[in-house]
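**Student:** Sequence isn't available, so here's the structure alone:
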């Protein structure tokens with residue numbers, strides 16, 4: 001019986017090794033240049049409170065009371081987003097004063113500010129029925145532009161808001177709370193869960 005031939009493992013091709021290294025470097029650079037403290041579970045919490053606000057707002061008899069419900073929800077959402085972002089940044093030891101974080105904020109704030117101004121103008125002009133579509137469209141614009149400096153799921157969520165906001169302008173006024181619940185509720189829950197699962201909470 002002859003000696004068994006030695007078993008040689010298949011050598012790793014140099015170009016495969018180089019591609020793997022380049023992929024690692026590229027992903028590392030993307031993370032370094034991105035704002036990654038977007039809170040997934042915070043987004044889920046935002047979605048849950050928005051669904052509650054949509055239900056309560058739909059029960060209001062006046063436009064003034066309806067607006068108050070959604071303004072309270074906006075304040076609650078801001079508190080949740082701020083707290084959950086700070087907690088995630090602290091766990092990841094990320095700075096909220098870094099270049100990507102500043103770019104994220106500077107891209108997100110102007111469309112949201114514009115939404116606030118238009119809310120006042122539309123409400124006092126008797127065009128409150130246009131407010132839900134305006135909110136969805138401008139919030140989506142802010143998320144899309146800010147998402148250019150964040151993880152991939154963020155700009156895609158913004159795009160979904162933009163599409164929904166555009167559609168909302170052509171829907172009956174009575175659909176306002178349903179559309180707001182779909183966007184601020186459903187989208188936040190879905191994308192928040194994706195971010196939490198894929199990007200560390």
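**Tutor:** Looks like it arrived, so ask away. Since we're looking at a predicted model, the values are computed, not measured.
**Student:** Buried residues in stretch 80-95, which are they?
**Tutor:** By 16 or more other C-beta atoms under 10 Å, the buried positions in stretch 80-95 come out as 80-81, 84-85, 88-89, 94. C-betas here are computed from N, CA, C, even on glycine.
**Student:** ditto for stretch 58-74
**Tutor:** 66-67, 69-70, 73-74.
**Student:** For residue 45, state which of the residues you listed is nearest.
**Tutor:** For the buried residues of stretch 58-74, the residue nearest residue 45 by C-beta to C-beta is residue 73; the value is 12.1 Å.
**Student:** Stretch 86-93: how far from the chain's middle?
**Tutor:** Mean-position distance between stretch 86-93 and its chain equals 17 Å (C-alpha atoms, centre = their mean, to the nearest Å).
**Student:** contacting residues for the residue nearest the centre of the chain?
**Tutor:** Centroid-nearest residue in the chain: residue 154, 4.7 Å away (criterion: C-alpha atoms, centre = their mean). Residues near residue 154 by C-beta atoms under 8 Å, 6 or more residues apart in numbering: 38, 143, 146-147, 191, 195.
**Student:** what's the spacing between residue 182 and residue 188?
**Tutor:** In this view, residue 182 and residue 188 are 10 Å apart by C-beta to C-beta, to the nearest Å.
**Student:** Out of the contacts of residue 154, list just those in helices.
**Tutor:** Among the contacts of residue 154, the members found in helices (DSSP state H) are 143, 146-147, 191, 195.
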